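Asks: Sequence and computational prediction follow.
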Amino acid sequence: MKLQSLIDRTTKSQNMTVAVAAAEDEEVIDAVAMALDRHFGKFVLYGDREQILQLLKQKNYANSDNIQIVHANSAVQAAELAVRAVHSNEAGVLMKGNVPTAALLKAVLNKEYGLRIGKVLSHVAVFEIPGYDRLIIVTDAAMNVSPDLEQKAQIIANAVAVAHAIGIETPKVAPLAAVEIVNPSMPATVDAAALAMMQKRGQIKGCVIDGPLALDNAVSPKAAKHKRIDSEVAGKADILLVPDIEAGNMLYKSLVYFANAKVGAIIAGAKAPIVLTSRADSAESKLYSLALAVCSASK
């Protein structure tokens, strides 16, 4: 499976509206233009009207029927307006533009008009890795610093929902650790074993979980066989649950910079998917993230 498959799915969701907070950003407008070229849906761009118009003119999209511009006097106001639009169901996806992440998340978590629905918000990244025959999902590399067992269960649930949305019916989940055996002095191994038991008892649904597993045994059938690990997940994992944000961040960036992987990522667990890419991300990565968000929202 390729990330292109997400774009193919997204073209069937032409009624989806994406609210972009502080859209006066060249990379963001590039991604919007690429999305419109592929008939993703409609965009409401919040921010400085003149700057946004100027960028759209450069892409020949200033007069598009699928774009609406709503002027905002600041990035903070743009974030609030975009979040309010999703809260009131005027849009089905929220996208971060040229606004600090903290400002956008403050609006997302606002008790009056925010998007929180009682769940843990978590980062879900879908990678297309050269040499692999399937997409690999990594969670959580950007939101939860050191999640406890209950939070990890919710992080898995968020990732499983995304996996279902992109066509993985029963994703195989590997809670990662440094070793494959439970060691009381290594909390990640204890949590991994507990999560596997929770899934077997029906407390976590829609997936298969086995752990603890080291990274090699999670994704390589050869490594799993060598270690004599026989399970439905070992060597065939679809979802990699990292123990904390440091491990997730390093794995994420290792895949991008060492393995030349392509990636799309969203924040899941809110009322609607949130595209929370960084300024360093390419327009292509933002496009894949948009496609992932629209697929998740449509599901």
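Replies: Arrived safely, thanks for sending.

Asks: Please enumerate the strands of the stretch 51-200 of the chain.
Replies: 67-71, 93-96, 122-128, 136-139, 172-175 (DSSP state E, counting those that start in this stretch).

Asks: Could I get the buried residue list for the last one?
Replies: Of the residues in strand 172-175, those buried under the neighbour-count criterion (16 or more other CB atoms under 10 Å) are 172-175. From N, CA and C alone the C-beta is placed, and that goes for glycine too.

Asks: And the contacts of that strand?
Replies: When contacts are taken as CB atoms under 8 Å, 6 or more residues apart in numbering, the neighbours of strand 172-175 outside the stretch itself are 152, 156, 159-160, 188, 191-192, 195-196, 199, 207-213, 218-219, 232-234, 236-241, 243.

Asks: ok, that strand: who's next to it in the sheet?
Replies: According to DSSP bridges, the neighbouring strands of strand 172-175, each with its direction, are strand 208-209 (parallel), strand 239-241 (parallel).

Asks: most packed of those?
Replies: Across the strands paired with strand 172-175, the average number of neighbours (mean count of other CB atoms under 10 Å) peaks for strand 239-241, which reaches a mean of 27.

Asks: Run the chain-centre distance for that one.
Replies: Centroid separation between strand 239-241 and its chain, computed with CA atoms, centre = their mean, to the nearest Å, is 13 Å.

Asks: likewise stretch 128-141?
Replies: Using CA atoms, centre = their mean, the offset of stretch 128-141 from its chain centre is 12 Å.

Asks: what's the answer for stretch 162-174, then?
Replies: Worked out by CA atoms, centre = their mean, stretch 162-174 lies 13 Å from the chain centre.

Asks: swap in stretch 55-75?
Replies: In terms of CA atoms, centre = their mean, the gap separating the centre of stretch 55-75 from the centre of its chain is 25 Å.

Asks: Next: stretch 226-235.
Replies: Using CA atoms, centre = their mean, we find the averaged C-alpha position of stretch 226-235 to lie 27 Å away from the chain's own average C-alpha position.

Asks: mind listing what's buried in it?
Replies: Of the residues in stretch 226-235, those buried by neighbour count under the rule 16+ other CB under 10 Å are 227, 229, 231, 233-235.

Asks: could I get these as a markdown table with secondary structure and pLDDT?
Replies: Output for the buried residues of stretch 226-235, formatted as a markdown table (DSSP: H, G, I helix; E, B strand; the rest coil; pLDDT from 0 to 100):
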| residue | secondary structure | pLDDT |
| --- | --- | --- |
| Lys227 | coil | 89 |
| Ile229 | coil | 90 |
| Ser231 | coil | 91 |
| Val233 | coil | 95 |
| Ala234 | coil | 94 |
| Gly235 | coil | 94 |
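
Asks: ok, now which ones touch the residue lying closest to Asp238 once chain neighbours are set aside?
Replies: Closest residue to Asp238 in three dimensions, ignoring its sequence neighbours and counting by CB to CB, 6 or more residues apart in numbering: Pro171, at 4.1 Å. Contact partners of Pro171, counting by CB under 8 Å, 6+ apart, are 137, 159-160, 163-164, 206-208, 238-239.

Asks: coming back round to it: which of the contacts of strand 172-175 fall in helices?
Replies: With DSSP state H as the criterion, helices contain 152, 156, 159-160, 188, 191-192, 195-196, 199, 218-219 from among the contacts of strand 172-175.

Asks: tell me the domain boundaries of this structure?
Replies: 1-116+269-295, 121-257 (the TED database).

Asks: residues contacting Ala85?
Replies: 19, 44, 46, 91.

Asks: so what's the first one up against?
Replies: With contacts defined as CB under 8 Å, 6+ apart, Ala19 is in contact with 43-44, 46, 82-83, 85-86, 90-91, 93-95.

Asks: Could you identify the helix or strand that succeeds the helix or strand hosting it?
Replies: The secondary structure element spanning Ala19 is strand 17-21 (assigned by DSSP states H and E). Using DSSP H and E, the next helix or strand after strand 17-21 towards the C-terminus is helix 26-37.
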